[in-house]
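Q: Mind folding the following:
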Amino acid sequence: MAEEEMVGRPERLSKSQRAYQTIKSRITEGDYGPGHRLVLGRLARELEVSPVPIREAIRLLEAEGFVEFERNVGAQVSAINPVEYAHTMEMLAIVEGAATGLAAPHITAEVLATATEINDRMRTTLRDFDPRGFTHLNHEFHEALFTPCPNPYLLDMVRRGWTRLASIRESSFSFVPGRAEESVAEHDRLLELLRGGADPAEVEQAARAHRTATMTAFLSREHHEAKEG
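A: Here you go, the predicted structure:
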């Protein structure tokens, strides 16, 4: 079953489609971390279905690289490939930075007000941190700033980059929650540049550095865990 066939309105989804979406969401949003065991019976009881649709969902997730089977262990969430993650983030840093820089002269006061309000909400979530909600707001924030970019091909590349990142893991903040506060502060600085009418090249550099900092934090955490493991 193709992934696109798994996406649709919840009331029209089959049991295996609903199981697929639920399990994938838990993996990409960090609720199920690398190595988390996917026990058929437990998931079936929780989602109130038989083991058959759970098995179908897990097989598709295995084909997509989210799940792997280990002998005498069973299905478990795959580890994040740090090389694939780094390549995706490096690409996104370049194209999103360029799109945000080109967008800068076209960003209106209304867009700036919207982005500021989103970042304020992100700051509020830091007190009772919710990685999933924070990631959603982070996406909204950046979408507001790069969407005024007049180059549709560049925008397409940015959105493809976000989609590819989501296929690896939706939220870096689930794994490096300490990065969230720094991220909000960097958003503030990016907004200050835009309010001050900074040169688009300076805006591009700030947006690129922001994305690269998140990548560095995540990979440092991976490196540390590999050494500890």
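
Q: Every contact and neighbour count from this point should use C-alpha atoms.
A: Will do.

Q: which SSE is E68 in?
A: Here E68, judged by DSSP states H and E, is contained in strand 67-70.

Q: Just the buried positions in that strand, please.
A: Residues of strand 67-70 classed as buried under the neighbour-count rule (16 or more other CA atoms under 10 Å) are 67-69.

Q: Before we go further, Q76 is sitting in a helix, right?
A: No. Read with DSSP: H, G, I helix; E, B strand; the rest coil, Q76 is strand and lies in no helix.

Q: tally of neighbours for Q21?
A: Applying other CA atoms under 10 Å, we find 19 residues neighbouring Q21.

Q: repeat for R179
A: Neighbours of R179 using other CA under 10 Å come to 16.

Q: average pLDDT for the strand holding E68?
A: In this model, strand 67-70 has an average pLDDT of 87.

Q: Let me know the closest of the buried residues of strand 67-70 to D128.
A: The closest of those to D128 turns out to be V67 (CA to CA; 30.0 Å).

Q: Next, the contact list for the closest one, please.
A: When contacts are counted by CA atoms under 8 Å, 6 or more residues apart in numbering, V67 touches 58, 61, 75-78.

Q: Repeat that for N81.
A: Applying CA under 8 Å, 6+ apart to N81 gives no contacts.

Q: Check the offset of the strand holding E68 from the chain's centre.
A: How far strand 67-70 lies from its chain's middle: 22 Å, per CA atoms, centre = their mean, to the nearest Å.

Q: Dump it to PDB, restricted to CA.
A: Taking Å, rounded to 0.1, in the frame of the first residue of the first chain, the C-alpha atoms of strand 67-70 are listed here in PDB:
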ATOM      1  CA  VAL A  67      11.000   0.400  11.700                       C
ATOM      2  CA  GLU A  68      13.400  -2.500  11.700                       C
ATOM      3  CA  PHE A  69      13.100  -6.100  12.800                       C
ATOM      4  CA  GLU A  70      15.700  -7.600  15.100                       C
END
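
Q: Export the buried residues of strand 67-70 to a markdown table and append columns for distance to L47.
A: Output for those, formatted as a markdown table (distance: CA to CA, whole Å):
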| residue | distance to L47 |
| --- | --- |
| V67 | 19 |
| E68 | 21 |
| F69 | 21 |
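
Q: quick one: buried residues of stretch 68-82?
A: 68-69, 75-78.

Q: Pass me the low-pLDDT residue ranges in this protein, would you?
A: Low-confidence segments of the chain (pLDDT under 70): 1-11, 167-177, 222-229.

Q: Looking at it, which residue reaches furthest from the middle?
A: Residue farthest from the centre of the chain, counting by CA atoms, centre = their mean, is N72 at 31.6 Å.
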